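> here is the input, now give the coordinates:
(one chain, ligands or ions: 2)
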Amino acid sequence: MTAVRPAELIAVASLHGEEQTKTFENCIKCTVCTVYCPVAKANPEYPGPKQCGPDGERLRLKSPEFFDDVLKLCTNCKRCETACPSGVRIGDIIASARGKHGRKPLSLTTARDFVLSHTDLFGSLATPFAPIVNKLTEQSLVKKAMHHTIQVHDHKSLPKYSHGTFRRWYKKHVADQSQYRRQISYFHGCYVNYNDHSVGQNFIRVMNAMNIGVQLLEREKCCGVP
Ligand code: SF4
Ligand code: SF4
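Ligands and ions are numbered 1, 2, ... in the order given. So this is what the prediction gives:
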């Protein structure tokens, strides 16, 4: 098995956009990625990272007709990428393919996908009115309406929003973190920022108890998973 030298890893890590997807050329077809994929393990319909990533990309470059909707099952957890000995950006390849080929004509379900995938936009709109939004989305009539129109199953509950954002709470309430001996940067993600502040608050408490200061990144952008 070919080991990737540190210099190659740095070169791969510094790639952007289209160039990331070209890393499929480094694939040596060892299938290690498929062994590590939790989705392939749990869902027989998902062919796995090798087939959806580097193998599929070669075909999609020939013709977009080779794009398969099954790619939507990838959760972008990136376990395949950390396992790959050749530095192939498998998760990025799959996410880029979905962005490029997975678009559908405008309909109620594409509107739903737009709402659910723009977490920053809709999180910012919903958090100031969190109690009202939460109350509305738990009503059985609203759930039934969503089931029959935008196909959000009425057995499912949408995540609740918190009032305000975690970032605002951090700025207002967290004491100066530079007093701690060691420092870390915390990527809190959309869920902590808009839905459940307590995860981030508890994380800061634990870190501070271990004499570690928690700094937020100057700006966070959605990781793209939704
Ligand atoms: S993408 Fe990486 S881990 Fe997967 S088959 Fe290719 S070389 Fe192996
Ligand atoms: S990123 Fe996608 S393909 Fe890779 S391990 Fe996670 S679910 Fe599987």
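
> interface residues of this protein facing ligand 2?
Neighbours of ligand 2 within the chain, by CB under 6 Å from any ligand atom: 36-37, 39, 49, 74-80, 90-91, 94. In short, each C-beta sits where N, CA and C put it, glycine included.

> state the number of residues packed around residue 197.
21 (other CB atoms under 10 Å).

> and it, how far from residue 93?
34 Å (CB to CB, to the nearest Å).

> got the domain boundaries for this protein?
Following the assignment in automatic domain parsing, the chain carries domains at 6-101, 108-149, 166-216.

> thinking again about what came up before, ligand 1 next: which of the residues of the chain next to ligand 2 are close?
Contacts with ligand 1 are made by 49, 90 out of these, judged by CB under 6 Å from any ligand atom.

> dump the residues of the chain next to ligand 2 into TSV; add pLDDT, secondary structure and neighbour count as well.
Supplementary listing: the residues of the chain next to ligand 2 in TSV, determined by pLDDT from 0 to 100; DSSP: H, G, I helix; E, B strand; the rest coil; neighbours: other CB atoms under 10 Å:
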residue	pLDDT	secondary structure	neighbour count
36	97	helix	19
37	97	coil	26
39	97	helix	17
49	97	helix	31
74	95	coil	25
75	92	coil	12
76	90	coil	16
77	92	coil	14
78	92	coil	19
79	95	helix	17
80	97	helix	29
90	96	helix	30
91	93	helix	26
94	94	helix	23
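
> from the residues of the chain next to ligand 2, which is closest to residue 224?
residue 76 (6.7 Å; CB to CB).

> could you pull out the strands for this protein?
For the chain, the strands defined by DSSP state E cover 182-186, 212-216.

> elements contacting the last one?
The contact analysis (3 or more CB pairs under 8 Å, 6 or more residues apart in numbering; DSSP states H and E) places strand 212-216 against strand 182-186, helix 197-209.

> now the ones you listed as JSON lines including mean pLDDT and distance to ligand 1?
As requested, those are arranged in JSON lines below (pLDDT from 0 to 100; distance: least, CB to the nearest ligand atom, whole Å):
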{"stretch": "strand 182-186", "mean pLDDT": "96", "distance to ligand 1": "28"}
{"stretch": "helix 197-209", "mean pLDDT": "97", "distance to ligand 1": "31"}
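
> buried deepest among these, which one?
helix 197-209 (a mean of 15; mean count of other CB atoms under 10 Å).

> remind me what that helix packs against, helices and strands.
Checking 3+ CB pairs under 8 Å, 6+ apart, helix 197-209 ends up next to helix 166-173, strand 182-186, strand 212-216.

> and with 7 Å instead?
helix 166-173 (3 or more CB pairs under 7 Å, 6 or more residues apart in numbering; DSSP states H and E).

> circling back: in a markdown table: the helices and strands packed on strand 212-216, plus distance to residue 25.
Converted to a markdown table, these look like this (distance: least, CB to CB, whole Å):
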| stretch | distance to residue 25 |
| --- | --- |
| strand 182-186 | 32 |
| helix 197-209 | 39 |
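
> shaky segments in the protein?
Applying pLDDT under 70 to the chain flags the ranges 1-22.

> for it, which residues are neighbours of ligand 1?
Counting by CB under 6 Å from any ligand atom, the chain sits next to ligand 1 at 27-33, 49-50, 53-54, 84, 86, 88, 90.

> all set now, cheers.
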